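**Student:** Sequence and predicted structure are below.
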Amino acid sequence: MKKNLIILFLIIVAVIGIYYFASGVKPVAQNQNQTMISVDAKRWQFTPDIIRIKKGQIVKIIINNTDTIHGINLPDFNAAGDNSIEFTADKTGEFTFFCKNFCGEGHKNMTGKIIVTE
């Protein structure tokens, strides 16, 4: 009986873990003034492609390149990188980020949006 409960518990934990990692925006860590977000990059899309943050946040985006090196270029915050980018959201508005490295015919449409609110 105890063995069956342990197995059931492990199955439930595994299912919850799979659901969490497959569910889009994944804050990796957050404290009062710093946010880490994981973004998957593959031809020709970012997931998530819309990121919402608060003004004043220090943001680190971890880029999970799944098929080639894509990277992110976020010119409005002077941030670019292949594996991660860091910036301070010091202004409000909607800002477009782009794939940093040419990745084929859909490259020019590989974009995302960062929305910074008060």
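**Tutor:** That came in fine, so what should we check first?
**Student:** The closest residue in space to Ile37 that isn't next to it in sequence: how many residues sit nearby?
**Tutor:** Spatially, and ignoring its direct neighbours in sequence, Ile37 is nearest to Ile61 (5.2 Å; Cβ to Cβ, 6 or more residues apart in numbering). (C-beta placed from N, C-alpha, C; glycine too.) Neighbour count of Ile61, defined by other Cβ atoms under 10 Å: 24.
**Student:** Pull out the buried positions in the host helix or strand of Ile61.
**Tutor:** Assigned by DSSP states H and E, Ile61 belongs to strand 58-65. The neighbour-count criterion (16 or more other Cβ atoms under 10 Å) identifies Val59, Lys60, Ile61, Ile62, Ile63, Asn65 as the buried residues of strand 58-65.
**Student:** so can I have TSV of these showing pLDDT and distance to Phe95?
**Tutor:** Shown next, in TSV, are those (pLDDT from 0 to 100; distance: Cβ to Cβ, whole Å):
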residue	pLDDT	distance to Phe95
Val59	96	11
Lys60	96	16
Ile61	96	12
Ile62	96	18
Ile63	96	16
Asn65	94	21
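**Student:** next structured bit after the lowest-mean-pLDDT helix or strand in the chain?
**Tutor:** Counting by mean pLDDT, DSSP states H and E, the chain has its least confident helix or strand at strand 26-30, which shows a mean of 50. Next helix or strand after strand 26-30 toward the C-terminus (DSSP H and E): strand 34-42.
**Student:** ok, the most centrally placed residue in the chain - contacts?
**Tutor:** For the chain, the residue nearest the mean C-alpha position is Val39 (2.4 Å; Cα atoms, centre = their mean). Contacts for Val39 (Cβ atoms under 8 Å, 6 or more residues apart in numbering) come out as Phe46, Thr47, Pro48, Ile51, Ile61, Ile62, Ile63, Asn64, Ile72, Gly112.
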